[in-house]
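Undergrad: Following is a predicted model, sequence given first.
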Amino acid sequence: MKIAHKLIALIALAAIAIVLLTAVNYSKFQDAKEHSATVSDDALPSVVLISEINLAFANARRELLNHIIQGEAAKKKEAEGRLNAFLAQLEEKLKAYDHYVSSPEGQQNISELRKELAQWATLSKLVITASEMSDTEAAEALVRNQTAPQAAKVATQLEIATKRNEAASNEAKKNIANSISSAISLSIGMGVMLMIAIAIIGMLIARSIINPLNSMRQFVLQLGSDYDFTRRITVSSRDEIGESLEALNGLIATLQGSLQQLNRIGRDVTGSATGLSNASSELSDASQSVSNAASSMAAGVEEVTVSISHVADRADECDRTAREAGQMASTGGAVIESTITSINQIADDVRVSAQQIESLKERTASINAVVNVIKDIADQTNLLALNAAIEAARAGDLGRGFAVVADEVRKLAERTASSTQEIIGTVSAIQNEANATVTTMQQTVRQVDLGVERAQEASDAISKIRHNADQVVEQVSEITGSMREQSAASAMMAQQVEQVAQMSEESSSVAQNTASEGERLRQLSKELDSAISRYRV
């Protein structure tokens, strides 16, 4: 599974957890809202209406007594008008109260209340009639014996309605408290479980990324210290890191083969340089022999002829040896050029690997952007929770439960932000490891470039040797032609002895130069062997 897929799965799990937790909280808040609506839309208006009915009934009783107390007919008329107004108000309030009563018990209570109020109103008319006739004693007797007991019955029904409304209000408050408590418990429980799940999955993903990177880091460091190209790193995953490790193994295998080939070429060059040095020494000895033979030509033409023939034979051998040396030098130069091409290809492969690791680092940067989006969501959730707490504080005691829930949501958002920071830290660690790997790859490229420079120096030396060998071939060919001419015309040899001796000295000098170049080639091949011997292939 790709690293990007693992991280996307972790981010998706965190997002699902936030959505799920938000959905649960929303459901519980809706329940609390419904119970609050019950309180505000039913219980509170019912309590207010019962209080207003109580007040209107008390005012009606007061006006009834006021009617008895008043001595003037006009004032009695005013008191009666106010009494009728309060009775009309009672009827209006009772009609309004009907809308909030749905249970059979409530309907029975309101029916009894209407009946008792109607009875009291009927009795109050008797009191008013007695009061209008100025029969105060009869009116007071009716109040004591009729309207007062009836008012007590009305008060009893009002008290029953009040208690029923209080019970309904308390039940709604209890339901609100239960909904809030359930929301808090579910939020905490689900939050803890989801955080544990995210933490476990995050640790597993981090381990699957960090362990292969540590293995690759240790392998590259050890390779840079002991240059052992026979060792391979174990690939245990099929993600981007696993692909990089396989590419690194392939690169090391290619480097191992190239170094083995370069080692063989170095040994071949060393052998060729030794042969060239020996051939040059022989050529120098032959030239010295020619010089000695030329000095002894004065003793006799026969000896000169024999010596010239001997020198001609030696010259042929030198010609063949010089040509072989030139061919070997050409072959060595071609091999070194091929080696340089292979090393350049290795350097290109290393650069490609570095670019792949750089691409991995850029992918982790895109993951940082996704994680920052999640962090912004958590910050927004925290801000919303703070606003909810402020609104709950404005609501007073009724919003106290909302304040608790908002505080829990804010804490959960803070924990989500903290988890996001941990993910950012993990991704940063991955980027640092990738940077270290790129640095190591760059060091490897520099070492390969150094090898190319040394191989180029060897190629230049081979070119010089090949040029000098061509000169030797030309000079030896001239010597051979001269010897053949001297053999054909022995009579003229006496006159050309000095010239032959001089040419022999020149041949000796050229042979010494060739031997010097051969020794130099041998030293360069030793340096190449020493450089390659640092690597275990």
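TA: Received the coordinates, thanks. Numbers count the residues shown, from 1 in each chain.
Undergrad: going forward, measure contacts and count neighbours with C-alpha atoms only.
TA: Noted.
Undergrad: Tell me, how many residues neighbour S124?
TA: Per other C-alpha atoms under 10 Å, the neighbour tally for S124 reads 24.
Undergrad: Helix or strand next in line after whatever helix or strand it lives in, which one?
TA: Using DSSP states H and E, S124 sits within helix 104-132. Going down the chain from helix 104-132, the next helix or strand is helix 136-142, by DSSP H and E.
Undergrad: in that following helix, what counts as buried?
TA: Residues of helix 136-142 classed as buried: 136, 138-140, 142 (neighbour count, 16 or more other C-alpha atoms under 10 Å).
Undergrad: Wasn't T234 part of a helix?
TA: No: using DSSP: H, G, I helix; E, B strand; the rest coil, the secondary structure at T234 is coil, not a helix.
Undergrad: That one: what's it in contact with?
TA: With contact set as C-alpha atoms under 8 Å, 6 or more residues apart in numbering, T234 has these partners: L245.
Undergrad: ok, now how distant is N249 from G242?
TA: Separation of N249 from G242 (C-alpha to C-alpha, to the nearest Å): 11 Å.
Undergrad: Assign A247 to helix, strand or coil.
TA: Under three-state DSSP, A247 comes out as helix.
Undergrad: Check the burial of it by counting its neighbours.
TA: 17.
Undergrad: can you check E112 too?
TA: A count of neighbours around E112, defined by other C-alpha under 10 Å, yields 16.
Undergrad: Hmm, Q157 and it touching each other?
TA: Yes: applying C-alpha atoms under 8 Å, one finds E112 in contact with Q157, separated by 7.0 Å.
Undergrad: Going by distance to P149, which of the buried residues of helix 136-142 wins?
TA: The shortest approach to P149 among the buried residues of helix 136-142 belongs to L142, at 10.1 Å (C-alpha to C-alpha).
Undergrad: Show the backbone phi and psi for D228.
TA: phi -90, psi 100 (degrees, to the nearest 10).
Undergrad: so how many other residues sit close to the spatially closest residue to E433 that is not a sequence neighbour?
TA: Leaving aside its sequence neighbours, E433 sits nearest to L213 (C-alpha to C-alpha, 6 or more residues apart in numbering; 7.0 Å). Neighbour count for L213, taken as other C-alpha under 10 Å: 19.
Undergrad: for L213, helix, strand, or coil?
TA: helix.
Undergrad: hang on, isn't it packed against N432?
TA: No: counting by C-alpha under 8 Å, L213 stays clear of N432, with 10.6 Å between them.
Undergrad: who touches both of the two?
TA: Joint contacts of L213 and N432 (C-alpha under 8 Å, 6+ apart) do not exist.
Undergrad: those helices in the stretch 51-200 of the chain, which residues are they?
TA: 73-98, 104-132, 136-142, 148-226 (DSSP state H, counting those that start in this stretch).
Undergrad: Save those as JSON lines, and put in distance to I50 and mean pLDDT too.
TA: Output for the helices of the stretch 51-200 of the chain, formatted as JSON lines (distance: least, C-alpha to C-alpha, whole Å; pLDDT from 0 to 100):
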{"stretch": "helix 73-98", "distance to I50": "8", "mean pLDDT": "90"}
{"stretch": "helix 104-132", "distance to I50": "11", "mean pLDDT": "89"}
{"stretch": "helix 136-142", "distance to I50": "27", "mean pLDDT": "89"}
{"stretch": "helix 148-226", "distance to I50": "7", "mean pLDDT": "84"}
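Undergrad: between the ones you listed, which one is nearest to S338?
TA: helix 148-226 (25.3 Å).
Undergrad: what angle do the closest one and helix 104-132 make?
TA: Our comparison of helix 148-226 with helix 104-132, counting by axes from the mean of the first three to the mean of the last three C-alpha atoms, to 10 degrees, yields an angle of 140 degrees.
Undergrad: residues contacting the closest residue to L113 other than its chain neighbours?
TA: Sequence neighbours aside, Q157 is the residue nearest to L113 in space, at 5.5 Å (criterion: C-alpha to C-alpha, 6+ apart). By C-alpha under 8 Å, 6+ apart, the contact set of Q157 is 109-110, 112-113.
Undergrad: ok, now with 7 Å
TA: 109, 112-113 (C-alpha atoms under 7 Å, 6 or more residues apart in numbering).
Undergrad: next one: L64
TA: L83.
Undergrad: what about L87, how many neighbours?
TA: 21.
Undergrad: change the start of the numbering to 2 and stick with it
TA: All set: I'll call the first residue 2, so the last point we hit is now L88.
Undergrad: rewinding a little: let's have the helices of the stretch 52-201 of the chain in JSON lines, adding distance to R521.
TA: Shown next, in JSON lines, are the helices of the stretch 52-201 of the chain (distance: least, C-alpha to C-alpha, whole Å):
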{"stretch": "helix 74-99", "distance to R521": "121"}
{"stretch": "helix 105-133", "distance to R521": "121"}
{"stretch": "helix 137-143", "distance to R521": "148"}
{"stretch": "helix 149-227", "distance to R521": "30"}
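Undergrad: what about Q503, distance to N55?
TA: Distance of Q503 to N55, computed by C-alpha to C-alpha: 152 Å.
Undergrad: Could you do A389 as well?
TA: Distance from A389 to N55, by C-alpha to C-alpha: 38 Å.
Undergrad: Who has more neighbours out of those two?
TA: Taking neighbours as other C-alpha under 10 Å, A389 and N55 compare with A389 leading, 21 against 18.
Undergrad: any idea of the mean pLDDT for the strand or helix carrying the more buried one?
TA: Taking DSSP H and E as the criterion, A389 maps to helix 302-396. Across helix 302-396, pLDDT averages out at 70.
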